[in-house]
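> Return atomic coordinates for the entry below.
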Amino acid sequence: MEGEGNERKFLLSFSSEEPYDRGWCVEILDHSPGCVDLTRLNDIGVLLFNHKRDEVLGKINRAWIDGARGYAEVEFDTDADAETIYQKVKSGTLKGVSVGYRIGAIEEVMPGKTSTDGRFIGPCDVARKWEPFEISIVSIPADPTVGVGREYDPEETRKHAPSLRERQLQINLNKLF
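Numbers count the residues shown, from 1 in each chain. Purely as a prediction, here's the structure:
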């Protein structure tokens, strides 16, 4: 969605609690109060293309957590390289978003066990303290539930999306076969 008065601004979601199978573990980014440190992202965070540090597209005007999702207002630069990707985002060709982050504390939840807060069923690794440091427009996102124009609507999510428990069970079943 484009911002007010400046067509180069977009609101996007950059993170969620969607379980992600990394191959060696299923990782979940906890979005509970106190888990996400947005200081660096808000102070010096940049918008990249496909996590490439030398392909800076713009800046992050502000980032925040609402419910179990991270959101940001980003603004594209006006140089030729940024313009190409900006046009693809504006036209809807590129919608995928990903976040680069560092984990400070993780809870390993064993198979069939429940996390300390009772929200997640193992096997999974829950990032209890994590710090995002860049947001990327990506061609193939790891988390298909976030991106440009993917705003959180709790009613729509409840109607169409399987619960976190159902998704985790499906991941567990996929690992068995």
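> So Arg40: helix, strand or coil?
In three-state terms, and counting by DSSP: H, G, I helix; E, B strand; the rest coil, Arg40 is helix.
> which element is the nearest residue to it once chain neighbours are set aside on?
Leaving aside its sequence neighbours, Arg40 sits nearest to Phe133 (Cβ to Cβ, 6 or more residues apart in numbering; 5.2 Å). To be clear about C-beta, it is placed using only N, CA and C from the backbone, and glycine gets the same treatment. Element membership of Phe133, judged by DSSP states H and E, is strand 124-137.
> I'd like to know which elements the helix or strand just after that strand is packed against.
Scanning forward in sequence from strand 124-137 by DSSP H and E, the next helix or strand is strand 147-148. Here strand 147-148 touches strand 9-16, going by 3 or more Cβ pairs under 8 Å, 6 or more residues apart in numbering; DSSP states H and E.
> so how far is the strand it packs on from its chain's centroid?
8 Å (Cα atoms, centre = their mean, to the nearest Å).
> Direction-wise, compare that strand with strand 124-137 and give the angle.
160 degrees (axes from the mean of the first three to the mean of the last three Cα atoms, to 10 degrees).
> So which elements touch the strand holding Phe133?
strand 9-16, strand 26-29, helix 39-44, strand 46-49, strand 52-66, strand 69-76, strand 97-109.
> Which pLDDT value goes with Glu7?
Predicted confidence (pLDDT) at Glu7: the value is 78.
> make that Ser139, sorry
Listed pLDDT for Ser139 reads 93.
> again, but for the one 3 residues further on
According to the predicted model, the pLDDT of Ala142 comes to 90.
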